[in-house]
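Q: below: sequence and its predicted model.
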Amino acid sequence: MNYHIVLTRQCNLDCVYCHGGEEHGPRAEVGYSLDDLAAFLDRDHDTQLMFYGGEPTLRVPLMEQIMDRFPQARFMLQTNALLLNRIPEEYVKRFHSILVSIDGPRQTTDTYRSRGVYDRVVDNVGWLREVHYSGDVVARMAVSEQSDVYRDVRHLLDMENPKFDHVHWQLNVVWDAEGNWTDFDGWVRESYNPGIARLVNDWVRVMEDGTVEGIVPFLPVVHTLLTGKPSRLRCGSGIDTFVIHVDGSVGVCPISPDWPFSIVGDIWTTEPRLLADVMSVDEPCPSCTDFPVCGGRCLFANKERLWGEQGFKKICGTVKHMIGCLRVVLPRIRELLESEVISVEDFDYPQYNNGCEIIP
């Protein structure tokens, strides 16, 4: 099983699109013991722990204690990277993947996250390279109304010093649209969908030279289209991926601790083996023709639909557009495979579920 471990619900940023907010006091901090956690995790034969928050690097000593307690586990980290260099080198090198929050070039990132954030993130990703971190460094973007997905993704892909291995983005479409968007429809029509088409065309053009760029949403979708192997919900929520909240409750998704539907157990009374496949997406997803490729996009959005039914359909429209763009270029990708310029394995990402939800 994969478990997001929420180390704290506090955060050292107040990003404009985040509705998680910053919490203080006992409710924001881990309230169970490592013995309690061990009693739960030791019943799972293959454990992957993904440190999450809030901002997990605010609790580096706790992070170290957990890594010491479970030396055989596989570790991932999702961080805003402002304090990344406070993690001792011997611990940071143990992470299989590190997802770094950065939204594109300086102006985009600082507009959403506050002035100076971009430079600090870039400096600390540079530090990862300086200490010879060899794992997967993923630029994890939040894409909202001030974003130009083509410009911002290309900026991160084209960076050389430091270099990101992969770029992933999530649309700012989970929480209520009111206050977040002034013209979502216009932005999708005039900016986002055309940007996706340009990114796809660029991506295939670069493949001509034998390089498959690490655009996370494209890679596994094309792998599914090539192999014909259908996908389940790609983030794994409710299937094999769960979250252990600060109070010891076990949920299906780290963004929804305050929604009763998402709590499916706790570390004291729940058997890990009984969590598998505890929840799945509802209609209209399973009946959609793109369901075998998409997998359902987002369990939380599927259950709560904070944008309403029409908003839910609009967001699905962006996914269908992306899949459609990738289908268009599939014949050329097959030609490159047949000529052995690239291989099917180039699209087999991620090796392990690393917290990238895949479908924006």
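A: Arrived safely, thanks for sending.

Q: S144: neighbour count?
A: S144: 21 surrounding residues under other CB atoms under 10 Å. All C-beta spots, glycine's among them, are computed from the backbone N, C-alpha and C.

Q: show me where the stretch 1-150 of the chain has its strands.
A: Along the stretch 1-150 of the chain, counting by DSSP state E, counting those that start in this stretch, strands occupy 2-6, 48-52, 74-79, 95-101, 136-143.

Q: kindly reformat these as TSV containing mean neighbour count.
A: Converted to TSV, those look like this (neighbours: other CB atoms under 10 Å):
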stretch	mean neighbour count
strand 2-6	24
strand 48-52	24
strand 74-79	23
strand 95-101	23
strand 136-143	24
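
Q: Serialize those strands to TSV and add fields for distance to N201.
A: Listed next are those as TSV, based on distance: least, CB to CB, whole Å:
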stretch	distance to N201
strand 2-6	34
strand 48-52	33
strand 74-79	30
strand 95-101	27
strand 136-143	19
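
Q: any chance of the ones you listed in TSV, plus mean pLDDT and distance to S33?
A: Below are those laid out as TSV (pLDDT from 0 to 100; distance: least, CB to CB, whole Å):
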stretch	mean pLDDT	distance to S33
strand 2-6	97	14
strand 48-52	98	16
strand 74-79	98	20
strand 95-101	98	24
strand 136-143	98	31
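
Q: which one of the ones you listed lies nearest to R154?
A: R154 lies closest to strand 136-143 among the strands of the stretch 1-150 of the chain, at 11.6 Å (CB to CB).

Q: so which other helices or strands are in contact with that closest one?
A: For strand 136-143, the elements it packs on are strand 95-101, helix 149-158, strand 166-171, judged by 3 or more CB pairs under 8 Å, 6 or more residues apart in numbering; DSSP states H and E.

Q: distance between the first one and the chain's centre?
A: For strand 95-101, the gap between its own C-alpha mean and the chain's C-alpha mean amounts to 10 Å (CA atoms, centre = their mean, to the nearest Å).

Q: same check, this time on the shortest one
A: On the basis of CA atoms, centre = their mean, the separation between the geometric centre of strand 166-171 and that of its chain is 7 Å.

Q: next one: stretch 343-350
A: With CA atoms, centre = their mean, you get 18 Å for stretch 343-350.

Q: same check, this time on stretch 223-233
A: 19 Å.

Q: what's that stretch in contact with?
A: 220, 239, 280-281, 291-297, 299, 326-327, 330, 333-334, 337, 344, 347-349 (CB atoms under 8 Å, 6 or more residues apart in numbering).

Q: buried ones in it?
A: Buried positions in stretch 223-233, judged by neighbour count with 16 or more other CB atoms under 10 Å: H223, T224, L225, S231, R232, L233.

Q: could you do stretch 182-194 as well?
A: F184, W187, V188, S191, Y192, N193.

Q: run a quick neighbour tally on T289.
A: T289 has 9 nearby residues by other CB under 10 Å.

Q: now do the SS call for it.
A: Three-state assignment for T289 (DSSP: H, G, I helix; E, B strand; the rest coil): coil.

Q: any idea how far it lies from K320?
A: Applying CB to CB, to the nearest Å, the value for T289 to K320 is 9 Å.

Q: try I342
A: Distance from I342 to K320, by CB to CB: 25 Å.

Q: for the stretch 201-350 of the chain, what spans make up the strands?
A: Under the criterion DSSP E, counting those that start in this stretch, strands of the stretch 201-350 of the chain are mapped to 241-244, 249-251, 263-266.

Q: the shortest one: partners in the sheet, and parallel or antiparallel?
A: Read it as strand 249-251. In the sheet, strand 249-251 lines up against strand 241-244 (antiparallel), strand 263-266 (antiparallel) (DSSP bridges).

Q: how far off centre is it?
A: 19 Å.

Q: one more: the last one?
A: Strand 263-266 sits 22 Å away from the centroid of its parent chain (CA atoms, centre = their mean).

Q: buried residues, that strand. List them.
A: I263, V264, G265, D266.
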